[in-house]
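J.: coordinates only, sequence not included:
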């Protein structure tokens, strides 16, 4: 787009920008905000060099797209722009990396090196340029985690091992000499102040956490001490509610006494923001911090993969130095929409072994205790999948390993639990489109008929039994378009189905804002049902029961015949259909495909070309961070 062609009302354009800033803004690389911040910073120190201002704008852009820093040596070949009319980025006037780094290093806006003695708006480490705030947060997170990575103090080993033997039953499939990694995770959490329990869906993370809480309560009882003050938290309200409900299932675990089960069942979970004490109108500061620590003896965080660098920095500085911090999550899933890939960086180099390792898994063995490598004594990775069968597991493992050939082979083998249509579902009259229509109509019919019969529990079961997942929110491959399409199919195929008004019976609901008064959270799903009085209600599942709300009490909700993979994270469905976009979509990544496939318990139907599958598998989200190197050393992959 030339200067004369610029639309003065286009909010994407910084119309007063000049030189490289204007060129890269018009190409879609930089937003108007990136340009304005760079120009303002330059004005503060009279910096006018085009190359420096471009580097500053790219460093401002980095957190907006999930990176902690921008690497001046590789940014020209690694930048991705989500725009259909984007220009060839290789044709842009990128500065030569060597001279660019030297020019940036000489600017008054930049400080080189890791020394905290001098501060400036930006920090240059080698060829990596970051805003000073993110450099500082990454540095502090690494230091605080290393401080926490220490023995927890006095532990009654006799009581611990007796509890392990009682709570973790022998694995009949274990080979001689292999470790039960769930039991090892429990030992780690009791013995150390920092424990990281990582693993995919169905590997037993939640079950392990319940048993860890029981073991910690038993330690207090044995010492004649008060029960530890335990905080349960997650990055979202939905994840916090699921965590709280899962802990209430403790009564079904063998070996947990009724009094301990009652204590665990009484625990409540909150979002991390509520735990830390959100301050109205201030997003980056909380009431609990380094000089006003949390009072809790144990802090357990679920779904840690969704925690951003900034939020992790606020958490670890607020945990008391003598408290325990237990981080739980799946490093292979989609990460926070904000900057960082914290859980993946903390877990570090992939490791496997023990009885939890699936036969197909490859990788190095855990570092021996005391090796001094990274957080080797704090991290335990669970890998034996207990939720779904080998067919889904084989696809998930190949995707997670970045093995495109293995993923395609696993999809081609298929089986009763995996089905693949290697075609673009956006085409008309395709076999895939007919299958998708058949599956969605069958699922929607079940939800509608149960809702019309005023059977809320059955309607919710039917709703959780099937879900169509999309990478995008908008467009022909997006959840919004698919929701409208499915409503049309149901109108044609299901007698009595009427979607002409908003609160129609059988409407699946997706909560999009947190409502702490109703205990409904962003990502919760429900359904509109009829009532005995002839009115309607929105029903949701809570703690094994059903809660009902009049539509007037419900805040912002969407219709969810289809949903994005991002919104589905943390949820499970009996059967899923995944609609993939073309291979050029920047949202099509390894983490997205892995997260989508692992939402299913019984059956996965994948619709997308082989090119799209391969593009996703070989395209990791690729967050540019330095935390892994700080924790594990240079060369950690």
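T.: Alright, I've got the coordinates. All of these numbers come straight from a predicted model, not from anything done at the bench.
J.: quick one: residues contacting residue 268.
T.: 232, 244 (Cβ atoms under 8 Å, 6 or more residues apart in numbering). (Each C-beta comes from the backbone N, C-alpha and C, glycine too.)
J.: what do you get for residue 208?
T.: 182, 185-186, 197, 382.
J.: redo these as JSON lines? Include distance to residue 598.
T.: Below are the contacts of residue 208 laid out as JSON lines (distance: Cβ to Cβ, whole Å):
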{"residue": "182", "distance to residue 598": "19"}
{"residue": "185", "distance to residue 598": "20"}
{"residue": "186", "distance to residue 598": "24"}
{"residue": "197", "distance to residue 598": "17"}
{"residue": "382", "distance to residue 598": "14"}
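J.: tabulate the residues you listed (a markdown table), appending neighbour count, secondary structure and distance to residue 235.
T.: Converted to a markdown table, these look like this (neighbours: other Cβ atoms under 10 Å; DSSP: H, G, I helix; E, B strand; the rest coil; distance: Cβ to Cβ, whole Å):
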| residue | neighbour count | secondary structure | distance to residue 235 |
| --- | --- | --- | --- |
| 182 | 28 | helix | 24 |
| 185 | 29 | helix | 21 |
| 186 | 27 | helix | 24 |
| 197 | 31 | strand | 16 |
| 382 | 27 | strand | 20 |
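J.: farthest pair in the residues you listed?
T.: 186 and 382 (11.2 Å; Cβ to Cβ).
J.: which residue in the contacts of residue 208 has the weakest pLDDT?
T.: Among the contacts of residue 208, residue 382 carries the lowest pLDDT, at 84.
J.: skipping adjacent residues, who's closest to that one in space?
T.: Among residues not flanking residue 382 along the chain, residue 199 sits closest, at 3.3 Å (Cβ to Cβ, 6 or more residues apart in numbering).
J.: roughly how far apart are the one you found and residue 248?
T.: Residue 199 is 22 Å from residue 248, where distance means Cβ to Cβ, to the nearest Å.
J.: what's the strand or helix carrying residue 447 packed up against?
T.: Using DSSP states H and E, residue 447 sits within helix 431-452. Applying 3 or more Cβ pairs under 8 Å, 6 or more residues apart in numbering; DSSP states H and E, we find helix 431-452 packed against strand 418-421, helix 456-464, strand 466-470, helix 479-493, strand 525-530, strand 573-579, strand 600-607.
J.: one more time with 6 Å, if that's ok
T.: helix 456-464, helix 479-493, strand 525-530 (3 or more Cβ pairs under 6 Å, 6 or more residues apart in numbering; DSSP states H and E).
J.: of all the ones you listed, which one comes closest to residue 629?
T.: helix 479-493 (36.5 Å).
J.: so how far is that closest one from its chain's centroid?
T.: Taking Cα atoms, centre = their mean, to the nearest Å, one finds helix 479-493 lying 28 Å from the centre of the chain it belongs to.
J.: the following helix or strand past that helix: how far from the chain's middle?
T.: Moving toward the C-terminus from helix 479-493, the next helix or strand (DSSP H and E) is strand 508-511. Put simply, strand 508-511 sits 20 Å off its chain's centre (Cα atoms, centre = their mean).
J.: what lines up beside strand 508-511 in the sheet?
T.: Sheet pairing of strand 508-511 (DSSP bridges) gives strand 525-530 (antiparallel), strand 557-559 (antiparallel).
J.: ok so, going back, neighbour-wise, which of residue 199 and residue 248 wins?
T.: residue 199 (25 against 16; other Cβ atoms under 10 Å).
J.: quick check: which ranges of the stretch 101-250 of the chain have low pLDDT?
T.: 170-179, 250 (pLDDT under 70).
J.: 50 instead, please
T.: By pLDDT under 50, the low-scoring segments of the stretch 101-250 of the chain are 175-178.
J.: the helices in it, which residues?
T.: 132-148, 157-167, 181-191, 205-223, 237-247 (DSSP state H, counting those that start in this stretch).
J.: of those helices, flag the one that's most buried.
T.: Across the helices of the stretch 101-250 of the chain, the average number of neighbours (mean count of other Cβ atoms under 10 Å) peaks for helix 181-191, which reaches a mean of 24.
J.: got the contact list for that one?
T.: 152, 155, 160, 164, 168, 195, 197, 204, 208, 211-212, 215, 326, 354, 356, 380, 382 (Cβ atoms under 6 Å, 6 or more residues apart in numbering).
J.: just to revisit the earlier point, how close does the residue nearest to residue 382 get to residue 454?
T.: On the measure of Cβ to Cβ, residue 199 and residue 454 end up 40 Å apart.
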